[in-house]
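Enquirer: need a structure here:
(2 chains)
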Amino acid sequence: MSRLAPCAALLCGLLFGAPALAADIDVASYGYPLANPFEATIATTPPELRSKVPSDDDIDQADYDLKLRPEREFELPDNFWPVKKLRYRLAEQSGRAPLIFIISGTGASYASGKTEDLKRLFYGAGYHVVQLSSPTSYDFMSAASRTATPGLSGPDAEDLYRVMIAVRAQHPELDVSDFHLTGYSLGALNAAFVAELDDRLRSFNFKRVLLLNPPVNLYTSVSNLDRLVQTRVKGIDNRTTYFELVLNKLTRYFEEQGYVDLNEALLYDFQQSGQKLSDEQLAMLIGSSFRFSVSDMAFTADLINRRGLIVPPNYPISESTSLTPFFKRALQCDFDCYIVDQLMPFWRDKFNGGSLPQLVDQVSLYALEDYLKKSPKVAVMHNADDLILGPGDLGFLRRTFGERLTVYPRGGHCGNLNYSVNGDAMLEFFRG
Amino acid sequence: MAKYLIPLTLLLAAGLAQAAPAVEDDGFTNPMEQLQFNPYLDQREFERSTLGALNVYDPWESWNRRVYHFNYRADEWVLLPVVRGYRYVTPGFVRSGVSNFFSNLGDIPNLLNSLLQFKGKRSLQTTGRLLVNTTIGIAGLWDPATRMGLPKQNEDFGQTLGFYGVPDGPYVVLPLLGPSNLRDTGGRVVDFVADSQINYLNVPEVSRDHPEIFALRVVDTRHTTNFRYGQLNSPFEYEKVRYVYHEARKLQIAE
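Expert: Predicted structure coming up:
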């Protein structure tokens, strides 16, 4: 019996393998000041602690259009004229340089704040940078998505891949040494699927791929986001809605200050003042921002596919048509409603799909587990207090990525992306 | 052999059972647990708030939407290309000089409207700004006042009217100028007339003979305005801009 214990230990070791350990950063050496994940998500990093990046004047950049789906010219109503072509942004270095693609997060366009921050970081380090809208954003859905029903990670990655190839073809003179890929939030999940696709199709041979705060189980993440608007918020009554409450607080804050100064530190200073929002109120604010993204997505998917859930099919829409009634209807739809009303029926119809757990398995990181385990070029940076994760998700990342996972103790959801310590770590990873 | 196998499997199972909480204990701090939720998760507060926010008086909506699309196109095809060219041909210090110069002129209506609202401290600060920037700042090309702790504080006649309780009136999208309402449109006209009557630094008078000064002012205004159409990346941008304008004006009048 005494010989059994080491024997069993050995067996355990053989069966489960001794996993390489993820890099865990402790709070003291990390130095990120915001301990509250909700504050960190909204206010991000205090300005003096952000990465040092070049100003816009020092960046040689322009926006370009791609015509990828000519049929949408006729399918989309007139007031969609700005999104009949897909727009992206390219920042060019003068000579030969590595190129990095950045995929934006849920509902975000190529020009959204976080994508711009990442662009400045990488451009400052000598990369050509291409910024892409999220497949869930309304411009991408209208101009680049074949199905205009985002959420199926496989087809979404194919759409993104097609866009990337078209971007490369539009700039044949651009001198590129290597291709890299990154994305944050949902864009990180997209990046993982694109990386896997590229390993089969080999158009870019991405040298390194970095996933920043990806959802692990997509359904856990969207359920968390849906629940954020269900927090118990004090101070709302029959006369005051939640938005009015926040605006009243903001007004009082400005009155105390004596002047309006809309600068980068505003949210940070506001949370230090007497008018600061509670965790529940902050959660409501984050949840609201995601609900706006869902309503855009639900409306656009419904309109393009003529499903008739929000807009009656063939309803005449011109530039002068009021969209407010449809906005009101779309605002009733959360992630769960989008999945149940649009994504699941579509997936069953077109991809012979089955149950919700099967869908979740197919679209989450689980689907790529084997690929990610044996792909040394893919790494993850995540936060221990990220609100899009659920119990067990970090464990999955630890098992799958081993030492290629870095876990920061703070930062909420993507709040520390512009922190100088994170910026340095990202650049270090791509430097190789 | 079977005798050994059973305890082995038991041990393995125990190892698994112990490993399960260890995997759960993966360093995740579960921020959602810290929140207090509505017990039935059936709160409709987001819906109620947003439906309330869509309640902006906009009887001329279909006209406004047409103008909104006209402005969007004018911006894409004319104004922004001009601004890009302007940024390309001028060095940064010239652009900031131009911006400061026009900003200094704008302090005249700021001062008048601060006075009309009996905002003593603000009037004094804006007077100080005008004196410092026009003299030390050489006709307003530099802005030393801000560095001396006299921040720029915008006040227009629309705000003054709002201060005296004049309601917004219907929402209006003005050609090229963008979102406004009936009250603020009237305010703009008054500010414009006052500006040309006071004729500060002779600029309004000289502009009459030299439309290029006016053109430069337009380009500078677009250069310093950060808003871009399509920036909100939403099919409901019109509604969102309308709400933000409505609330921003309320805030400006209140402070």
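Enquirer: and residue 76, how many neighbours?
Expert: Reading this off chain A. A count of neighbours around A:Leu76, defined by other C-beta atoms under 10 Å in any protein chain shown, yields 20. Where you see a C-beta, it was placed from the backbone N, CA and C, and this is true even at glycine.
Enquirer: should've been chain B
Expert: Using other C-beta under 10 Å, B:Glu76 is surrounded by 15 other residues.
Enquirer: check contacts around it.
Expert: A:82, B:229 (C-beta atoms under 8 Å, 6 or more residues apart in numbering or on different chains).
Enquirer: wait, B:Tyr68 sits on B:Glu239?
Expert: No. In this structure, B:Tyr68 is not within contact of B:Glu239 by C-beta atoms under 8 Å, at 10.7 Å.
Enquirer: tell me the contacts of A:Val222?
Expert: A:215, A:335-336, A:339.
Enquirer: just these now: which is nearest chain B?
Expert: Distance to chain B, by C-beta to the nearest C-beta, is smallest for A:Asp336 among the contacts of A:Val222, at 10.6 Å.
Enquirer: now do that closest one against B:Pro204, distance only.
Expert: As for A:Asp336, its distance to B:Pro204 is 59 Å (criterion: C-beta to C-beta, to the nearest Å).
Enquirer: what helix or strand does the nearest residue to A:Ile304 once chain neighbours are set aside sit in?
Expert: Closest residue in space to A:Ile304, ignoring its immediate chain neighbours: A:Ala148 at 4.0 Å, by C-beta to C-beta, 6 or more residues apart in numbering or on different chains. Assignment of secondary structure by DSSP states H and E places A:Ala148 within no helix or strand.
Enquirer: rewinding a little: rebuild the contacts of A:Val222 as TSV, extending it with neighbour count.
Expert: Formatted as TSV, the contacts of A:Val222 follow (neighbours: other C-beta atoms under 10 Å in any protein chain shown):
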residue	neighbour count
A:Pro215	27
A:Phe335	24
A:Asp336	15
A:Ile339	21
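Enquirer: which two in these are spaced the farthest apart?
Expert: A:Pro215 and A:Asp336 (15.0 Å; C-beta to C-beta).
Enquirer: how far is stretch B:149-165 from where the chain is centred?
Expert: Distance of stretch B:149-165 from its chain centroid, counting by C-alpha atoms, centre = their mean, to the nearest Å, is 16 Å.
Enquirer: neighbours of B:Thr135, how many?
Expert: B:Thr135, neighbours per other C-beta under 10 Å, totals 11.
Enquirer: distance of it from chain A?
Expert: To chain A, B:Thr135 is 24 Å away according to C-beta to the nearest C-beta, to the nearest Å.
Enquirer: how close does that residue get to B:Phe101?
Expert: With C-beta to C-beta as the criterion, B:Thr135 and B:Phe101 are 14 Å apart.
Enquirer: do the same with B:Phe93
Expert: 12 Å.
Enquirer: which one's more surrounded, these two?
Expert: B:Phe101 (23 against 10).
Enquirer: what's the mean pLDDT across the helix or strand harbouring that one?
Expert: Using DSSP H and E, B:Phe101 falls within helix B:92-116. Averaging pLDDT along helix B:92-116 gives 93.
Enquirer: how about the helices in the stretch 101-250 of chain B?
Expert: Here the stretch 101-250 of chain B has its helices, by DSSP state H, counting those that start in this stretch, at B:120-135, B:144-147, B:157-163, B:182-198, B:203-209, B:211-224, B:237-254.
Enquirer: which residues sit against the shortest one?
Expert: Residues external to helix B:144-147 that are found in contact with it (C-beta under 8 Å, 6+ apart): B:128-129, B:132-133, B:136-137, B:152.
Enquirer: now the two most distant members of those residues.
Expert: The distance between the two most remote of these (C-beta to C-beta) is 15.8 Å, for B:Ile136 and B:Lys152.
Enquirer: the more surrounded of the two?
Expert: B:Lys152 (17 against 11).
Enquirer: give me the below-cutoff pLDDT ranges for chain B.
Expert: Applying pLDDT under 70 to chain B flags residues B:1-24.
Enquirer: and if we set it to 80?
Expert: Applying pLDDT under 80 to chain B picks out residues B:1-25, B:41, B:255.
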